[in-house]
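> Got a sequence here, can you model it:
(2 chains)
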Amino acid sequence: MNAAIEASGLGKQYRRTWALRNCTLAIPEGRVTALVGPNGAGKTTLLRLATGQLTPTRGMISVLGEPPAASPAQLARVGFVAQDTPVYGRMRVADHLRLGSWLNPGWDNELAQRRIRQLGLDRRQRAGSLSGGQRAQLALTLALAKQPELLLLDEPLASLDPLARREFLRSLMEAVAGHGTSVVLSSHLVTDLERVCDYLIVLAASQLRVAGEVTALLASHRRLSGPRRDPGTLPAGQDVIEQSHTDKQSTLLVRTGEPIHDPAWTVTPVSLEELVIAYMNPANDIPARGPQLGVA
Amino acid sequence: MIRLTWLQFRAQAVTAAAALAAFAALLAATGPHIASMYAASGLSSCQGSSCQNLASTLLQQIQAAGDTWVYLISVASILLAPVIIGLFWGAPLIAHELETGTSALAWTQSITRTRWLTVKLTIGGLAAIAVTEGLSLMQAWWAAPIGRAVGHGGVAGHSIIGMGQFSTLAFATHGITPLGYAAFAFILGVTTGALIQRTVPAMAVTLAVFAVVQIAMPLWIRPHLFPASHTVIPVTSLTNTSETQNTGNSGNSFVLGTLNLPGQPGAWLLSSGTVNTAGQAVSTAPAICFTPSVENSNSGFVDCLAGHGIRETISYQPASRYWPFQWTETAIYLALVLALAGYCFRRLNRRRS
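Alright, predicted model coming up:
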């Protein structure tokens, strides 16, 4: 399968600080990917590298098999909704649609007009006076009507209230359903994206912490609780992601490809949120991934 | 992209058109009167030495009619237009996109940043040139009678309308130099905007850099674009002198300069001073020239100097070099424009932050 985004050893340095460091990943095509991490983890940097707005300091990145923003044809294949969904404040809603139609050869004007009607946006209103939710919808409309193969959205939900978030995600999923469009959404909360994503990337402290299919990740992680035990005595193939101990009890979050047979443990599945938080926590040392976990 | 640029540029274009229209109205209201004064002055059919007096009379009439103010306003407008364009068109062009984040929208459409910038710079730059050169051409039409009067050697005291074609203000507002300044101010604004990434600081830096360049050019660069010509003439032939005399314990010193070059109207006088028969600069004269009877007689002092072999040396640029100077200076500005534009393209395609 082709990769929507493929990065190897990717790094971006601003003056002295690294915004993203040694990132190697391959996001398969056709997935809805949640790019999750705390603020400042490098999510925006990764998306801006993927849209060619930044050039890497180290390593390489290719998007749909081409260097980002290399040509008008490559740009046409990738849609982007930036953080805070910027629009031209003095231009009217209708002007934004004209902008889209002038600058994009694959522009679907009917789709754009229909969405604006359905959203109840006034075509003559200046974009600067739209609410946060309306502005996000306008920016999404621009990105969707471009008919991209890959749609990248940087914290599209951050400025929206819960109802608008739901509405935004619903209309996004409706629009991409059946087109095989790859989508990457970033957020600092996985709960926002849990219902829509089937691929997960966790970034923390400028580094990639985990990437994989959501179902495979959930299947390969377990919470173990039982009598206090040194994690070093666990069998091979059980990697400890997170641990906490009391005098008598140990609670571990482990990654394993095998079922847990030790009767001393009470084994419970982990939720996606627990998993993300464990990987985001900088106190947790993530062991190198074992060969048995060949997630796509 | 051209249509988008026009859509985004419309407000500025309307403002510029309104400013041009107001400027045209001001000149159209006063221009015909100047033209009729010129027609009545007899300057168009004058012969020989009578011309200078007719020209001076015309310039006095124009001053009396209050048109000096219009001249001043129009010259100031032509000088300020590039500044305003640099600040309000140039500086925000990239900086405002980065500041508001709309660059992320503009540069992720199906169009390369190179094309985006090419169209923006071309339309903005041509508009900047058109506006400024438009102002200059309108003013040139309005001030043509004044220019001819000055060309005939007419003097207008210290009034701005009497300045020659090479004077700092006249040179910078006529011919083709205004278009060079406009293009330069525009691209300077764009470049500082791309560098600083914030509109208001970029405007401040644009203003400062442009002011420095516009002061440095006439003071230190323009006079040296072509090697100066030199001539030595009798002090008695000087027509418009500035002299100071000083008799005291240190001796009888004097300074005798000239404000124009006799017989060469329109030449650019760079420096003048007195020399003795050996060609050495002199600033003292025989005491006899300082006796009251000589000093107070009509041109007695200058005749006395001439009688003692003192002559005036003048370095200057002949009037015939006016257009070579115009072309050269404009070419320098356009070369700066190309260099800055090239930098903007490189910067935009390899953004560091």
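> contacts and neighbour counts: CA atoms only from here.
Fine.
> Over to whichever residue of the stretch 151-300 of chain B sits closest to chain A: give its phi and psi.
Going by C-alpha to the nearest C-alpha, chain A is nearest to residue B:194 of the stretch 151-300 of chain B, at 14.1 Å. Dihedral angles of residue B:194 (phi, psi; degrees, to the nearest 10) stand at phi -70, psi -30.
> which ones are touching it?
B:94-95, B:344, B:347-348 (C-alpha atoms under 8 Å, 6 or more residues apart in numbering or on different chains).
> what does residue B:24 give?
Contacts of residue B:24 by C-alpha under 8 Å, 6+ apart are residue B:138.
> Spatially central, which residue of chain A would that be?
residue A:35 (2.1 Å; C-alpha atoms, centre = their mean).
> sec struct for that one, please.
Of the three states, residue A:35 takes strand under DSSP: H, G, I helix; E, B strand; the rest coil.
> And chain B, what are its domain boundaries?
B:2-224+B:322-349, B:229-317 (automatic domain parsing).
> Can you get me the start-to-end distance on the shortest one?
The first and final residues of domain B:229-317 sit 6 Å from each other (C-alpha to C-alpha, to the nearest Å).
> Identify each buried residue in the helix or strand encompassing residue B:30, please.
Counting by DSSP states H and E, the element that carries residue B:30 is helix B:2-41. Residues of helix B:2-41 classed as buried by neighbour count (16 or more other C-alpha atoms under 10 Å in any protein chain shown): B:4-6, B:8-9, B:12-13, B:16, B:19-20, B:23-24, B:27, B:31, B:34-35, B:37-38, B:41.
> Could you give the separation of the helix or strand following that helix from the chain centroid?
Where DSSP H and E defines the elements, the next helix or strand beyond helix B:2-41 is helix B:50-64. Offset of helix B:50-64 from its chain centre (C-alpha atoms, centre = their mean, to the nearest Å): 23 Å.
> now swap in stretch A:248-266 and tell me
29 Å.
> can I get the CA coordinates of that stretch in PDB?
Provided in PDB are the C-alpha atoms of stretch A:248-266 (Å, rounded to 0.1, in the frame of the first residue of the first chain):
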ATOM      1  CA  LYS A 248       1.700  -4.200  47.700                       C
ATOM      2  CA  GLN A 249       0.300  -3.600  44.200                       C
ATOM      3  CA  SER A 250       1.700  -3.000  40.700                       C
ATOM      4  CA  THR A 251      -0.200  -1.600  37.800                       C
ATOM      5  CA  LEU A 252       1.400  -1.800  34.400                       C
ATOM      6  CA  LEU A 253       0.400  -0.800  30.900                       C
ATOM      7  CA  VAL A 254       2.200  -3.300  28.600                       C
ATOM      8  CA  ARG A 255       2.500  -3.700  24.900                       C
ATOM      9  CA  THR A 256       2.500  -7.300  23.800                       C
ATOM     10  CA  GLY A 257       1.600  -9.400  20.800                       C
ATOM     11  CA  GLU A 258       0.700 -12.400  22.900                       C
ATOM     12  CA  PRO A 259      -2.100 -13.200  25.300                       C
ATOM     13  CA  ILE A 260      -1.300 -12.800  29.000                       C
ATOM     14  CA  HIS A 261      -1.300 -16.200  30.700                       C
ATOM     15  CA  ASP A 262       0.200 -15.300  34.100                       C
ATOM     16  CA  PRO A 263      -2.700 -15.900  36.600                       C
ATOM     17  CA  ALA A 264      -1.300 -13.400  39.100                       C
ATOM     18  CA  TRP A 265      -2.400 -10.500  36.800                       C
ATOM     19  CA  THR A 266      -5.800  -9.100  36.500                       C
END
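> mind listing what's buried in it?
A:250-257, A:265.
> Repeat that for stretch A:156-168.
A:156-160, A:164-165, A:168.
> which of the domains of chain B is buried the deepest?
Burial of the domains of chain B is given as mean neighbour count (mean count of other C-alpha atoms under 10 Å in any protein chain shown); domain B:2-224+B:322-349 ranks first at a mean of 19.
> now do the same end-to-end measure for it.
Domain B:2-224+B:322-349: ends 20 Å apart by C-alpha to C-alpha.
> Now do the same for it: mean pLDDT, whole number.
Mean per-residue pLDDT for domain B:2-224+B:322-349: 94.
> thinking again about what came up before, quick check, the residue nearest to the centre of chain A in contact with residue A:186.
Yes. Proximity of residue A:35 to residue A:186 meets the contact threshold set by C-alpha atoms under 8 Å, at 4.3 Å.
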